[in-house]
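Asker: structural data only, the sequence is not supplied:
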């Protein structure tokens, strides 16, 4: 979807997409991540699975309020980044996510996806920093925090920090059990 066409989308369509993606009701289908080495985070660590869908948070929490009001441009840029990353164009995906972050800098999902791209680009230290930023923006959103901690564990593994990776995985398990 092109950004210009996304800006002209009817508001109802955008609201419906956001409500569907951010609903607090459990669902069997989890959203496709931008990049996680070809498979969802839960598939990489089957013992660590959040108990609620990835893009949800408790109603009324700051994370739920922030994601329920995403501008259409942010939604379009996130979709564009997903297509670019899954097509192997990580530089363009990172640029699209950075543009989305300039529009909505308090959105933890955008920071998480940029972290996944940076990890795929072989920048584990930056990926860890971005995942920590996402955590700071997602108070009460335990599923998002668990995903961030799984990503931090991957980054630490790439940095040959096995003890740090184990600590991060334990934190993800704790959050997933909430």
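Answerer: On my side now, so go ahead. Note that the coordinates shown come from a computational prediction; the quantities given were computed from them, not determined experimentally.

Asker: drop to CA atoms for contacts and neighbour counts, all remaining ones
Answerer: Fine.

Asker: now the helix or strand residue 80 falls within: buried residues?
Answerer: Here residue 80, judged by DSSP states H and E, is contained in helix 72-86. Applying a neighbour-count criterion of 16 or more other Cα atoms under 10 Å, one finds 72-86 buried in helix 72-86.

Asker: try stretch 170-177
Answerer: So stretch 170-177, judged by 16+ other Cα under 10 Å, has buried residues 170-173, 175-176.

Asker: and the top helix by length along the chain, what does it pack onto?
Answerer: In the chain, taking DSSP state H as the definition, the longest helix is helix 142-158. Applying 3 or more Cα pairs under 8 Å, 6 or more residues apart in numbering; DSSP states H and E, one finds that helix 142-158 contacts helix 41-44, helix 108-120, helix 124-136, helix 162-176.

Asker: distance to residue 155 and mean pLDDT for those - can I get that in a markdown table?
Answerer: Output for the helices and strands packed on helix 142-158, formatted as a markdown table (distance: least, Cα to Cα, whole Å; pLDDT from 0 to 100):
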| stretch | distance to residue 155 | mean pLDDT |
| --- | --- | --- |
| helix 41-44 | 13 | 37 |
| helix 108-120 | 7 | 97 |
| helix 124-136 | 5 | 98 |
| helix 162-176 | 8 | 96 |
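
Asker: for residue 149, which of those helices is the nearest?
Answerer: For these, distance to residue 149 was read as Cα to Cα. The smallest value, 5.3 Å, belongs to helix 162-176.

Asker: and the angle for that closest one with helix 142-158?
Answerer: 170 degrees (axes from the mean of the first three to the mean of the last three Cα atoms, to 10 degrees).

Asker: give me the low-pLDDT residue ranges for this protein?
Answerer: Residue ranges of the chain with pLDDT under 70: 1-69.

Asker: one more time with 90, if that's ok
Answerer: The model of the chain has pLDDT under 90 over residues 1-71, 176-178.

Asker: quick revisit: of the buried residues of stretch 170-177, closest to residue 113?
Answerer: Relative to residue 113, and with distances defined as Cα to Cα, the nearest of the buried residues of stretch 170-177 is residue 172, at 17.0 Å.

Asker: next up, the contacts around the residue lying closest to the closest one once chain neighbours are set aside.
Answerer: The spatially closest residue to residue 172, leaving aside those adjacent along the chain, is residue 146, at 4.3 Å (Cα to Cα, 6 or more residues apart in numbering). Residues in contact with residue 146, defined by Cα atoms under 8 Å, 6 or more residues apart in numbering, are 50, 171-173, 175-176.
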